[in-house]
Each structure stands twice: as structure tokens, then as C-alpha cells.
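Participant: sequence and predicted structure are below.
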Amino acid sequence: MSNVYTIAVIVGSLRKESINRKVALALADLAPGNLKLNIVEIGDLPLYNEDIDGASPPAAYSTFRQQVSSSDAVLFVTPEYNRSVPAPMKNAIDVGSRPYGKSAWNGKPGGVISVSPGAIGGFGANHHLRQSMVFLNVPCMQQPEAYLSGAGTAFDAAGKLSESVKPFLQSFINAYGQWVEQHKKM
């Protein structure tokens, strides 16, 4: 019998009707039984500033770090802004990586899916995010790579996931469940 792993899901878009948030929620619904996905909010994190991160860091920093630290693994769902990750995503990565030597990310199995209405599915953001994860010691699942292009049509007007997208997301989250299982046993 498999363990159930708690996954901190970091969504890079802050929009109320974010396609990325919808994808994260769809992945939570499709997740295999060994995963419990929880979105960890990043919108209220002050921009990382070492001057305010001393003996009494902002409550939002502490809460975020605790949520990531207490998870078994991390899953990033990100749009692409200017061929990279959006500022809130990068800020969350920076907040979680501090104070130096106490990174909340350290050793957690990771996964990345980029979601974009554009044709290349957030390829640049996906790969920039992976670069940061190498430094933070987050072993990211290599295959299957996940770039959801044309994401504007992934959900209907009522917010229901398109049947044409569902197999792609199902395949990704199943592989991610196996990745987490494999790397949590190491």
C-alpha cells in the first residue's frame, strides 16, 4: 500500500479566473490516491527583502515557509510572462529559499507544468523554473514534460475541463505520483 503524500501546489498566476489555477484544481481532481494536492497561496507575500526577514519575519513569509516545509513534495503550475516565470512565482521561490541554509524547498520532489494560451505552452517559464529548482535541490520530474498550449480552450464557459485535455493532465499527474513515490523512498 502506498503512502499518501501532501503536495504543495504553487500557482504562478494571481488572477481570479486564472487558467493556471483551474489546471491546478483539475490536477487535484485527477490525482492518484497517493497524492493530496493543496494550493499554497502566494499573492500576499511581500516582495522578498532581507531587511524585513530578520528575527520577526512577516507572518506571510512564516506561513508560506511552514506550508511548503510540511509538504512532502511540490508542484509548480505556471504561466509564462516574457519567456520566464511571473514575478509572484519568483518571489515565492525566493521567500521559501530563505533564510540561507534553511530552504523550505530542499530535497522535495518537484514537478512543473506550464500553462499558456500561446502556441508553445510556456516553454520558457517551464525551463527557467527548472533552473532555480536545480540550485534549490528540488529533483524535478524530467518526463513527461508538461506544456499546455492553447490553454484558453482547456475549459468551457462553466469551468469544466475539456475532454480533449483531460488525458494529457491525467498522464502527467499519474507520472508525477510515481515520481513522488520513488523519490520519497530514497
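Facilitator: Good, I have the coordinates.
Participant: what pairs with the most centrally placed residue in the chain across the strands?
Facilitator: Nearest to the geometric centre of the chain sits Phe76, at 1.5 Å (CA atoms, centre = their mean). Residues in a beta bridge with Phe76, per DSSP bridges, are Ile10, Val112.
Participant: state the distance from it to Asp53.
Facilitator: Distance of Phe76 to Asp53, computed by CB to CB, to the nearest Å: 22 Å. (Glycine included, C-beta is placed from N, CA and C.)
Participant: also Gly12?
Facilitator: 22 Å.
Participant: ok, Pro144 next?
Facilitator: With CB to CB as the criterion, Pro144 and Asp53 are 37 Å apart.
Participant: per-residue confidence for the residue nearest to the centre of the chain?
Facilitator: Per-residue pLDDT puts Phe76 at 98.
Participant: quick check: it touching Ile113?
Facilitator: Yes: between Phe76 and Ile113 there is a contact under CB atoms under 8 Å: 7.3 Å.
Participant: can you give me the strands for this structure?
Facilitator: When assigned using DSSP state E, the strands of the chain occupy the ranges 5-11, 35-39, 73-78, 110-115, 147-148.
Participant: coming back round to it: residue contacts, the residue nearest to the centre of the chain?
Facilitator: When contacts are counted by CB atoms under 8 Å, 6 or more residues apart in numbering, Phe76 touches 9-10, 12, 89, 110-113, 129.
Participant: counting neighbours, what do you get for Ser116?
Facilitator: The tally of other residues near Ser116 (other CB atoms under 10 Å) stands at 24.
Participant: more neighbours: which of Gly12 and Asp53?
Facilitator: Neighbours were counted for Gly12 and for Asp53 using other CB under 10 Å; Gly12 has more, 28 against 17.
Participant: how about the more buried one, phi and psi?
Facilitator: Note on Gly12: backbone dihedrals following degrees, to the nearest 10 are phi -80, psi -10.
Participant: quick one, what contacts it?
Facilitator: Going by CB under 8 Å, 6+ apart, Gly12 touches 20, 42, 76-79, 85-86, 88-89, 125.
Participant: so which of those residues is the most crowded?
Facilitator: Of the contacts of Gly12, Val77 is surrounded by the most neighbours, 30 neighbours in total, counting by other CB under 10 Å.
Participant: residue contacts, that residue?
Facilitator: For Val77, the contacting residues are 9-12, 20-21, 23-24, 27, 113-115, by CB under 8 Å, 6+ apart.
Participant: show me where the chain has its helices.
Facilitator: For the chain, the helices defined by DSSP state H cover 19-30, 59-69, 87-96, 123-135, 166-184.
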